[in-house]
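[1] Sequence first, then the predicted structure, then my questions.
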Amino acid sequence: MWYYSVKESIKKLPKLFLFVVLSFVQKNNRKLYTSYSFLDYDDPKISNYYFLTNIKICTSRKKKNCDCLILIQDLNYRKLLRNIFFIKRMRVVGINYFGHYGMNMLINTGYFDFSNFRDRDQYTDVSFKHYHELKEVIGDQELYVLGNAPDFSSIIENIKSKPVIICNDSINIIEKIHSSTVILAFGDPLFHFSYDENALNFIKKVKKIENFIDFLIVPSNVIPILKSAGINTKLIGVTSSKKLKVNFLMKGNKIYTKNTHNVMTQYMLPLATSLSNTVNLGAVSFELEKELESVWDYDQKIIDEGNKNYAFEYSFFKDRNFKKYYKYHNKMLNNIIKSNPNIKIYE
């Protein structure tokens, strides 16, 4: 589903084309890089980004004199063409490159470029182990899955000690959650894994309150970030694909879900329905295409929705067609509910 505005997509078509090429190269990369440089200008925010703080910065002015990874904040055609022979080493990583693409590729450098195959295999094995540990913990219990809508805090009070999957900003009232098993899911490239100060603070908050969390459900490619942040909670890394025809799939020791660009439909519900025979879904909005405002109607005990407005400073939100995005999300949410009779709507 393409949910960015047509106008911005056409205007930034060269950026999209470059991203597609570099993304293919990155995901098929077999080289372990040990250093990096910038194509345009040094950016301390990127240099101080989690795993990059431990990676050597190459100071050579001529890219042919080294074999470092080359990071691009924005597309400068002159510099790109001058270094075109080193395109396999290039990665676009700017937060405003276009949409979520620059952030995604920056996140992926930790997984595909600066982690070796042994590390990645270990992430997969540990995730598989933690998934089965969680499945054993849940057993025959009913599992609650909650969004961040206004009734979140009241539902949390009512379910008491029953196991629950929560997401995103619900960590702000984690001390008031008394469930026997608390599973936190998050995976937004801007709000959680970018180098914006708000995202950095979110990860710091997760680290601070991790003793209240039993398991984390996250995209597989962010595991190097969480490791760099010193988070020790049991991680369940999930790989998502647009091509997947089902919402959840276990293949070998790898966990797959359908890529829907939403934490509820991409991570929470697919895993919940695989873990429990009874899933109670609450604190979500169902009429998204008719009442878009309801999406931003958070439980005020969790967060003031105005605190999220900084996102509109970035391409990820500025260039988005929200009507298309929420219409697609509503469709995916309803499809999952209809195809899983074990999902009950909390009332």
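    Everything's here; your move.

[2] how is the protein carved up into domains?
    6-113, 119-345 (automatic domain parsing).

[3] Columns mean pLDDT on top of those domains, output as TSV?
    Formatted as TSV, the domains of the chain follow (pLDDT from 0 to 100):
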stretch	mean pLDDT
domain 6-113	94
domain 119-345	92
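
[4] got a markdown table for the ones you listed, with mean neighbour count too?
    Glycine gets a C-beta too; all of them are placed from N, C-alpha and C. Converted to a markdown table, those look like this (neighbours: other C-beta atoms under 10 Å):
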| stretch | mean neighbour count |
| --- | --- |
| domain 6-113 | 17 |
| domain 119-345 | 18 |
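
[5] Go ahead and flag the most central residue of the chain.
    Gly187 (2.3 Å; C-alpha atoms, centre = their mean).

[6] So that one sits against Met268, correct?
    No - judged on C-beta atoms under 8 Å, Gly187 makes no contact with Met268 at a distance of 10.0 Å.

[7] How much space separates the closest residue to Leu333 other than its chain neighbours from Lys245?
    Excluding the flanking residues, the one nearest Leu333 by C-beta to C-beta, 6 or more residues apart in numbering is Thr265, at 5.5 Å. Separation of Thr265 from Lys245 (C-beta to C-beta, to the nearest Å): 15 Å.

[8] Can you name every helix or strand that the longest helix belonging to the chain contacts?
    Longest helix in the chain by number of residues (criterion: DSSP state H): helix 117-138. Other elements packing on helix 117-138 under the criterion 3 or more C-beta pairs under 8 Å, 6 or more residues apart in numbering; DSSP states H and E are strand 215-219, helix 223-228, strand 234-241, strand 254-258, helix 269-275.

[9] For the helix or strand following that helix, which helices and strands make contact with it?
    Counting by DSSP states H and E, the next helix or strand C-terminal to helix 117-138 is strand 143-146. On a contact count with 3+ C-beta pairs under 8 Å, 6+ apart, strand 143-146 meets helix 152-159, strand 164-167, helix 269-275, strand 279-282.

[10] quick one on the thing from earlier: contacting residues for the residue nearest to Leu333?
    The contact partners of Thr265, taken as C-beta atoms under 8 Å, 6 or more residues apart in numbering, are Asn247, Lys258, His329, Met332, Leu333, Ile336.

[11] what's the one helix or strand the last one maps to packed up against?
    Yep, that's Ile336 we're talking about. Under the criterion of DSSP H and E, Ile336 resides in helix 322-339. Helix 322-339 is packed against helix 269-275, strand 343-345, with contacts defined by 3+ C-beta pairs under 8 Å, 6+ apart.

[12] Columns distance to Leu226 on top of the ones you listed, output as CSV?
    Below are those laid out as CSV (distance: least, C-beta to C-beta, whole Å):
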stretch, distance to Leu226
helix 269-275, 17
strand 343-345, 29
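
[13] Quick one: closest of those to Ile183.
    Of all the helices and strands packed on helix 322-339, it is helix 269-275 that lies closest to Ile183, at 8.3 Å by C-beta to C-beta.

[14] Contacts made by the closest one with the rest, please.
    131, 134-135, 138, 143, 145, 165, 185, 217, 236, 238, 247-248, 250, 255, 257-258, 279, 281, 333, 336, 340, 342-343.

[15] Test my guess that Pro224 contacts Ser115.
    Yes - using C-beta under 8 Å, Pro224 is in contact with Ser115, at 5.7 Å.

[16] quick revisit: and the longest helix of the chain with strand 215-219, angle?
    130 degrees (axes from the mean of the first three to the mean of the last three C-alpha atoms, to 10 degrees).

[17] In contact with Met1, which residues?
    With C-beta under 8 Å, 6+ apart, Met1 has these contacts: Thr260, His261, Lys324, Tyr325, Tyr328.

[18] Show the pLDDT at it.
    Looking at Met1, its pLDDT is 70.

[19] From Val263, how far out is it?
    Distance of Met1 to Val263, given as C-beta to C-beta: 16 Å.

[20] nearest spatial neighbour of Lys234, skipping sequence neighbours?
    His130 is the one closest to Lys234 (C-beta to C-beta, 6+ apart), at 4.5 Å.

[21] So that neighbour sits against Thr233, correct?
    No - with contact defined as C-beta under 8 Å, His130 does not reach Thr233; the gap is 9.5 Å.

[22] Thanks a lot, see you next time.
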